[in-house]
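K.L.:
Here's my sequence, what's the structure:
(one chain, ligands or ions: 1)
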Amino acid sequence: MTRSRRDRWRAALGIAVVLALAGCTAAGDAPWWQGPSTEAPSSAPVESPPPSEMPSQPRVDVGYRMPRLGPEEAPGLVARLAAMSAPEFTVVARWATPRGESVIGDVLDARFAELVRGFAAEHGAAWTPGVDVAPGGVGDACARQPLTTVGGLSLTVDCSIVVASGTVLGERLIVIRRDDARATSVDRSTWYTDAATGALGDGAALFRPGVEARVLALLAEGLRAADLAGVSDPFASYTPDEVHRLLADTVITADDMVVPVPLLRTAGRSHQAVAVVVPVRLVVPFLNPFGVAVHAAAVDAAPFEAPPAPTGADRVDCTLVTCVSITFDDGPSGLTDGLIDTLRELRAPATFFLQGVNVQRRPDEVRRLVEEEHELGNHTWGHPFLTKLPDREVRDEIDRTQAEIHAASGVVPRSLRPPYGDMDERVRDLAGLPMVVWDVDTNDWQAPGSAVVAERAVSGSSRGSIVLMHDTHEETVAAVPDVVHGLRDRGFTLATVSEQFDGMLPGDGENVSHGPR
Ligand code: NI
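P.N.:
Presented below is the predicted three-dimensional model:
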């Protein structure tokens, strides 16, 4: 990790943000941007026509495909899935944020938390995050496939990454309210951020002040060329707020500016939109420095500089999304190093309950766990049945382990997992720490094979589950990618145990086997 890159993403937190929650416009038929799912990946090489054949004027392109980058082109993002299934309605909201701290992450998380909670409240329900609501779950951040339409009354939020190059990220978000197949409102916006400057804003924030009329004139020219303008100035009746909403969904590519324009407007309601494509050279004079940086990033198509946050640095709100914790006991072992690599690749945080005797042997692994921001817990020194030990030895098992973990890593664990889950009133009183056990036992120590370990972890989990595994068994470590993918496919977000409690575990001697439900 380079310190300067991380600081740059952090610096962006200092920028004040006015979050414009654009109102919704009504829409009719199936929206044009939801192409068939057989759509070719956007990364497929496309031959550009020679300059003489490049369209030189604004135009309408009904078949226009917005960019939709995959995880290879936009690495370092984490997926968010806020889903709820109630008798009256369904909510599936999917978006992506850079891992760790970022201003765009904070803004999107806050925006969608408000949106989905508000929708549930409108229909008389408290927000209760669920799983198995969206086919394919959260999977990769803003994957290539659009969300499947759900029946009945629904709110869906779908995302696509339109640019991820250098320090610039652009994420397109489409919020649709449906009553069965009919879309009753559609709200489109594209959010950009440049970690180099801390800039953040929607598509309307890419333009210099006072140029809106000239940008609209270009869009009108495109509509007229396609005989769709209707009147000489199709935007004459737009209020400043409607202009902002229109330009909020401005997408800048290397060659073009693309703005979806609602076709028919009656009494402030608009229907289906068409893509108006304007050669970008006509737009560049109207872009501000942020807009110029976004265009330059689209031209460069440089590798995306994801914020270099450690594995566990993604702060999740487990009251908004559905969390689950994977935990590993008895280590560190000779397998822990490889497991840390795997978790890093999967961007999956975990909680490790360490034995003091093994910490003494492998302090380097403990330091690595802390660097990656995994959570550490105490699993005693020698793994005894604590209820069978006299008071002094119970204290000694716990205290020596606390001291050893602190000496190795500088961290003092804030929870205890009693070996075998063995505890009673006396042990809880002596512990001086919250007790964290589990509600999903993979029984991996019986060596049932990796597939069985993964199956038990994935299908056994429900909201708030704490999954017990051991990083002392090879087949457990081998099962971890299937465990993580399987949980995410069901719609779970991985969190450390204390994250499930918003950083505040229950008090000393309290006993938990799962997060809040
Ligand atoms: Ni154990």
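K.L.:
does the residue nearest the centre of the chain have beta-bridge partners, and which?
P.N.:
Of all residues in the chain, the one closest to the mean position by CA atoms, centre = their mean is residue 79, 2.7 Å from it. Per DSSP bridges, the residues bridged to residue 79 are residue 96.
K.L.:
Kindly report the same for residue 440.
P.N.:
Beta-bridge partners of residue 440, as defined by DSSP bridges: residue 467.
K.L.:
and whatever residue of the stretch 1-150 of the chain ends up closest to the ion, helix, strand or coil?
P.N.:
Residue of the stretch 1-150 of the chain nearest the ion, by CB to the ion: residue 131 (27.9 Å). All C-beta atoms are positioned from the backbone trio N, CA, C, and that covers glycine. Put simply, residue 131 is coil when judged by DSSP: H, G, I helix; E, B strand; the rest coil.
K.L.:
need the contact list for residue 251.
P.N.:
Counting by CB atoms under 8 Å, 6 or more residues apart in numbering, residue 251 touches 66-67, 162, 170, 172, 190, 203, 257-259.
K.L.:
Any idea what it is bridged to?
P.N.:
Judged by DSSP bridges, the bridge partners of residue 251 are residue 258.
K.L.:
From residue 188, how far off is it?
P.N.:
Distance, residue 251 to residue 188, by CB to CB, to the nearest Å: 10 Å.
K.L.:
what touches both of those two?
P.N.:
residue 172.
K.L.:
okay, now residue 485: neighbour count?
P.N.:
Neighbours of residue 485 under the rule other CB atoms under 10 Å: 17.
K.L.:
scratch that, residue 337
P.N.:
Residue 337: 15 neighbours (other CB under 10 Å).
K.L.:
who does the host helix or strand of it touch, helix- and strand-wise?
P.N.:
If you go by DSSP states H and E, residue 337 is part of helix 336-346. Contacts of helix 336-346 with other secondary structure elements, assessed using 3 or more CB pairs under 8 Å, 6 or more residues apart in numbering; DSSP states H and E, are made with helix 363-371, helix 474-490.
K.L.:
CSV for those, including distance to the ion?
P.N.:
Listed next are those as CSV, based on distance: least, CB to the ion, whole Å:
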stretch, distance to the ion
helix 363-371, 16
helix 474-490, 12
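K.L.:
what's the closest of these to residue 317?
P.N.:
Among the helices and strands packed on helix 336-346, the nearest to residue 317 by CB to CB is helix 474-490 (16.8 Å).
K.L.:
contacts for the closest one?
P.N.:
79, 131-132, 136-139, 324, 326, 328, 335, 338-339, 342-343, 346, 348, 442, 444, 447, 449-451, 453-455, 457-458, 461, 467, 469-471, 494.
K.L.:
Quick check: what element follows it along the chain?
P.N.:
strand 493-494.
K.L.:
just checking, what packs against whatever helix or strand residue 325 lives in?
P.N.:
Using DSSP H and E, residue 325 sits within strand 323-329. For strand 323-329, the elements it packs on are strand 351-354, strand 466-470, helix 474-490, strand 493-494, helix 497-500, judged by 3+ CB pairs under 8 Å, 6+ apart.
K.L.:
Now for the residue of the stretch 351-500 of the chain found nearest the ion, how many residues are close by?
P.N.:
The nearest approach of the stretch 351-500 of the chain to the ion comes at residue 419, 4.8 Å away (CB to the ion). Residues lying near residue 419 (other CB under 10 Å) number 18.
K.L.:
buried subset of the contacts of helix 474-490?
P.N.:
Neighbour counting with 16 or more other CB atoms under 10 Å marks 79, 131, 136-139, 324, 326, 328, 335, 339, 343, 346, 348, 442, 444, 450, 453-455, 457-458, 461, 467, 469-471, 494 as buried within those.
K.L.:
Quick check: residue 163 touching residue 298?
P.N.:
Yes. The pair residue 163 and residue 298 passes the contact test of CB atoms under 8 Å, sitting 5.2 Å apart.
K.L.:
For residue 296, pull up the helix or strand it's in.
P.N.:
Per DSSP H and E: helix 289-300 holds residue 296.
K.L.:
Flag every buried residue along that helix.
P.N.:
290-291, 293-298.
K.L.:
who touches residue 376 in this structure?
P.N.:
351-354, 366, 369-370, 405, 409, 411, 413.
K.L.:
what would those residues look like in TSV with neighbour count and pLDDT?
P.N.:
Shown next, in TSV, are these (neighbours: other CB atoms under 10 Å; pLDDT from 0 to 100):
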residue	neighbour count	pLDDT
351	27	98
352	28	98
353	27	98
354	30	98
366	27	98
369	29	97
370	18	96
405	27	98
409	21	97
411	15	96
413	22	97
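K.L.:
Stretch 491-507: how far from the chain's middle?
P.N.:
Distance of stretch 491-507 from the chain centroid (CA atoms, centre = their mean, to the nearest Å) equals 16 Å.
K.L.:
quick one: terminal-to-terminal distance for that stretch?
P.N.:
30 Å (CA to CA, to the nearest Å).
K.L.:
So which bits of the chain are right by the ion?
P.N.:
Taking CB under 5 Å from the ion, the part of the chain that reaches the ion is made up of 329-330, 419.
K.L.:
related to what we said a few turns ago, what mean pLDDT does the helix holding residue 296 have?
P.N.:
On average, the pLDDT along helix 289-300 is 98.
K.L.:
Need the CA coordinates for that helix. PDB is fine.
P.N.:
The C-alpha coordinates for helix 289-300 follow below in PDB (Å, rounded to 0.1, in the frame of the first residue of the first chain):
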ATOM      1  CA  PRO A 289     -11.700  21.100 -14.500                       C
ATOM      2  CA  PHE A 290     -13.500  18.200 -12.900                       C
ATOM      3  CA  GLY A 291     -15.300  17.400 -16.200                       C
ATOM      4  CA  VAL A 292     -11.900  17.700 -18.100                       C
ATOM      5  CA  ALA A 293     -10.400  15.200 -15.600                       C
ATOM      6  CA  VAL A 294     -13.300  12.800 -16.200                       C
ATOM      7  CA  HIS A 295     -12.900  13.100 -19.900                       C
ATOM      8  CA  ALA A 296      -9.100  12.700 -19.700                       C
ATOM      9  CA  ALA A 297      -9.600   9.500 -17.600                       C
ATOM     10  CA  ALA A 298     -12.000   8.100 -20.200                       C
ATOM     11  CA  VAL A 299      -9.400   8.800 -22.900                       C
ATOM     12  CA  ASP A 300      -6.500   7.400 -21.000                       C
END
